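Peer 1: below: sequence and its predicted model.
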There are 2 protein chains.
Amino acid sequence: MLTGLLGTAAIPWPRELRAEGGNAASDLPLPDTHWNAAVPTGLVPQKLPLLRLSDRPIVLETPRPFFESLLTPNAAFFVRYHLDVIPNAIDLSAWRLSVGGNVSRPLHFSFSQLLSQFEPVSVVAVNQCTGNSRSRFFPRVAGTQWGNGGMSNARWTGVRLMDLLNRAGLRSHTVALRFQGLDSGRGAEGTPSHAYSKSLDPEDPILQDCLIAYQMNGEPLPMLNGFPVRLIVPGRFSTCWIKHLSWIEALTEPDQSHWMMNAYRLPKKPHYSTTPEEVALGKLSTIPASHAPMPVRSFFVLPDGSSKLVVRLPIEIKGIAFSGSGGIRQVEVSTDGGRSWRLARLDPDLGPYSFRGWRLAWTPRQPGRVELCCRATDGKGNVQPMEPIWNPGGYAWNVVETQTVFVGESA
Amino acid sequence: MLTGLLGTAAIPWPRELRAEGGNAASDLPLPDTHWNAAVPTGLVPQKLPLLRLSDRPIVLETPRPFFESLLTPNAAFFVRYHLDVIPNAIDLSAWRLSVGGNVSRPLHFSFSQLLSQFEPVSVVAVNQCTGNSRSRFFPRVAGTQWGNGGMSNARWTGVRLMDLLNRAGLRSHTVALRFQGLDSGRGAEGTPSHAYSKSLDPEDPILQDCLIAYQMNGEPLPMLNGFPVRLIVPGRFSTCWIKHLSWIEALTEPDQSHWMMNAYRLPKKPHYSTTPEEVALGKLSTIPASHAPMPVRSFFVLPDGSSKLVVRLPIEIKGIAFSGSGGIRQVEVSTDGGRSWRLARLDPDLGPYSFRGWRLAWTPRQPGRVELCCRATDGKGNVQPMEPIWNPGGYAWNVVETQTVFVGESA
């Protein structure tokens, strides 16, 4: 089927755009539409057309070409809410961030006080949904069927979480720090929660790197990404990056909320992976996703399969990689479906929590179908697995990615 | 009207997304929708949703947030055709680039020969429609009513035009070099042309910098941007960047085609500007746009007015600038409607034909409405004018840009 097409660079056209006398080329392979969720785009304030996975709550996936720049534009940054009622206007003259519970000095900060009373600090960090790429899981699992666009990267600027906690004075016997924002209302069926909150362990070393961000890429946060401030937990899944952060509470008892006890729990096993059979036994040990570093991942950004490549025309294969454990040490690329690997060149380092750009020059020598694979190794030596992982939540997918491309004859 | 709103950061929401109990905020100013054309997006192969100004011929404008990266992603690169019939499939085994007319050795190059017989050369260059921003003209003029998104920037790689011409051997008495591509068919009413072509002067120094590009940002060109090769004329309007380039012809008589004699002609006056009265006299002297350097321009990318700024929250104002005459020497920014100006910091230089990024830290001190202005000076000392320009084609707009932003109280 393919052979007859190798001499052309045809792309499939909607009927209304086909030129008179042109080739319909309807038997050519379609671009790799499932890198992203294959859903229509939605238009909401402050955002470009993004892929609309859900309306209530609002869930938007970032289309692949935005990953050509390492910092995702705010207008393209993905959106994920859990509850129905989300703020669309916040009066900063009335808004306060409160720190309470088991502290020496309960505090209420105005926005202006956050700006003036603390040193501003910045970090570049990837925000990734725990369920990013969930649509790859087999057997299929429930939940939002994300493609790969449930992630984005930004430079976050704000106040160190520890500066606030030190001001309030955490008291002994604090066993959890609970963070809650302004989104509220009915959750999905069977989730008895009218507020969204997550907890971190007060002994967790990640607290030293956490920010309460009032800026995202040098601008106020878009409303749908957490205006006026958002908790930034670098290297962790976005499940604990609480938007519209309003309350921090030091707990003396473990957090028994739905969001910590039932949702977003990962198997306490290599690659957070288990089997349906093991789950059925009912003895699987799990940990909250907010306590677990994001596993190492890498992605092809270009080529994206939307057009044929040309024999002997060199191209630059480009991608991104990231990890919650010490940044990216190396990225390998295979142009033969995983049989042999070459080291990609890494782009400048924006910090261990950022997307790391990588690239590799490649000249296709033969016409035909090629399976490209990319595989990253992080700062702690973790490598992406070749074999699928599985867990009932559809979380933490990080299997080696494949990109199919077609190469045509140039003469 | 504004005073009562200064304490909020409300944004206007479509009705279906408004939270229960939220403020409708329907009296807040809308974002600056007219930076771009305010038209629906269109979906075509190899492209993200772009702003669809026309269907036949296909014309797509690049939305503003894509200018956050200096190199426009191929999938967001603007598209402008003149004629109805455009190729949707090109068989590279049959395709040839021919050089003929008044030359010593008429030549026909295969794609493979272009790759193997010439040194590859790269240039970063802005491609801008002559009519970009035409919608600003007053009195209104006919033609595609572009916002500011009829421009994009890419790294072009290919063969030097001069290498090809030297191989063919231009003979004496050549007075024009005509370039033609594969798009054809009916043009707009009253334009008696079934092919699109443009000519350059064989003495024009720009010929030394022209490329015949087979790559755009490290990939084969998208079909809608000229696959398999496109003429790159750095610093000139895209009217002469012939897509799907197929024929180069050395002429011994002036090019009398519609596209050179009638369309795309600029007043031979400062800022290419005239008046309706002067045109009515019928004595206006004009030159082809393909012979004229693009005038210096600068744009705000962020903030874009889609959300309110916050008193005392510092932001980074970001933008781009470019010119067809020696690159960008400086960019000035006003935060008081043009009364006073500060120098912006220029980002690294990608070459004199590229977008040049610029940025300026700014902390709004007072609530209220602010008019930001940006003004660039190019390498030859040309400065953007404050006063509107006008010409009957709606070409070469380069008046200083204004961005309205609203600043709210943070406490």
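Peer 2: Here it is on my side, so go on.
Peer 1: how many neighbouring residues does the closest residue to A:Gly357 other than its chain neighbours have?
Peer 2: Computed as Cβ to Cβ, 6 or more residues apart in numbering or on different chains, the closest residue to A:Gly357 that is not its neighbour in sequence is A:Asp347, at 3.3 Å. Any C-beta I mention is one placed from the backbone N, CA and C, and that applies to glycine too. Other residues within reach of A:Asp347, judged by other Cβ atoms under 10 Å in any protein chain shown, total 16.
Peer 1: so what's A:Asp347 up against?
Peer 2: Counting by Cβ atoms under 8 Å, 6 or more residues apart in numbering or on different chains, A:Asp347 touches A:70, A:356-359.
Peer 1: now swap in A:Leu114 and tell me
Peer 2: A:97, A:158-159, A:212, A:214, A:229.
Peer 1: recalculate using a threshold of 7 Å.
Peer 2: Each residue near A:Leu114 by Cβ atoms under 7 Å, 6 or more residues apart in numbering or on different chains is listed here: A:97, A:159, A:214, A:229.
Peer 1: name the SS class of it, please.
Peer 2: helix (DSSP: H, G, I helix; E, B strand; the rest coil).
Peer 1: and it, how far from A:His271?
Peer 2: Using Cβ to Cβ, to the nearest Å, A:Leu114 is found at 39 Å from A:His271.
Peer 1: do the same with A:Pro120
Peer 2: 37 Å.
Peer 1: which of the two has more neighbours?
Peer 2: Counted by other Cβ under 10 Å, A:Pro120 and A:His271 do not tie: A:His271 has more neighbours, with 20 against 15.
Peer 1: on the three-state scheme, the more buried one is what?
Peer 2: Following three-state DSSP, the label given to A:His271 is helix.
Peer 1: so it is in contact with A:Pro388, correct?
Peer 2: No: when contacts are counted by Cβ atoms under 7 Å, A:His271 is not listed as touching A:Pro388 (9.7 Å).
Peer 1: how far does stretch A:42-56 sit from its chain's centre?
Peer 2: Relative to the centre of its chain, stretch A:42-56 is centred 16 Å away, using Cα atoms, centre = their mean, to the nearest Å.
Peer 1: okay, domains of chain A per the record?
Peer 2: A:70-263, A:279-411 (automatic domain parsing).
Peer 1: tabulate the ones you listed in JSON lines, adding columns for distance to A:Ile58 and mean pLDDT.
Peer 2: Listed next are the domains of chain A as JSON lines, based on distance: least, Cβ to Cβ, whole Å; pLDDT from 0 to 100:
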{"stretch": "domain A:70-263", "distance to A:Ile58": "5", "mean pLDDT": "95"}
{"stretch": "domain A:279-411", "distance to A:Ile58": "20", "mean pLDDT": "95"}
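Peer 1: pipe these into TSV and attach distance to A:Thr41 per row.
Peer 2: As requested, the domains of chain A are exported to TSV (distance: least, Cβ to Cβ, whole Å):
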stretch	distance to A:Thr41
domain A:70-263	11
domain A:279-411	16
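Peer 1: the contacts of A:Leu114 also near chain B: which ones?
Peer 2: Counting by Cβ under 7 Å from any Cβ of the partner chain, the subset of the contacts of A:Leu114 that neighbours chain B consists of A:Tyr214.
Peer 1: could I get the contacts of A:Leu114 as TSV with secondary structure and neighbour count?
Peer 2: Below are those laid out as TSV (DSSP: H, G, I helix; E, B strand; the rest coil; neighbours: other Cβ atoms under 10 Å in any protein chain shown):
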residue	secondary structure	neighbour count
A:Leu97	strand	21
A:Val159	strand	24
A:Tyr214	strand	24
A:Val229	coil	26
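Peer 1: what's the closest of the contacts of A:Leu114 to chain B?
Peer 2: For the contacts of A:Leu114, the minimum distance to chain B (Cβ to the nearest Cβ) is 6.5 Å, reached by A:Tyr214.
Peer 1: which ones are touching that closest one?
Peer 2: By Cβ under 7 Å, 6+ apart, the residues touching A:Tyr214 are A:114, A:158, A:228-229, B:313.
Peer 1: ditto for A:Thr72
Peer 2: By Cβ under 7 Å, 6+ apart, A:Thr72 lies in contact with A:62, A:66, A:152-154.
Peer 1: A:Leu170 now?
Peer 2: Listed by Cβ under 7 Å, 6+ apart, the contact partners of A:Leu170 are A:103, A:202, A:250.
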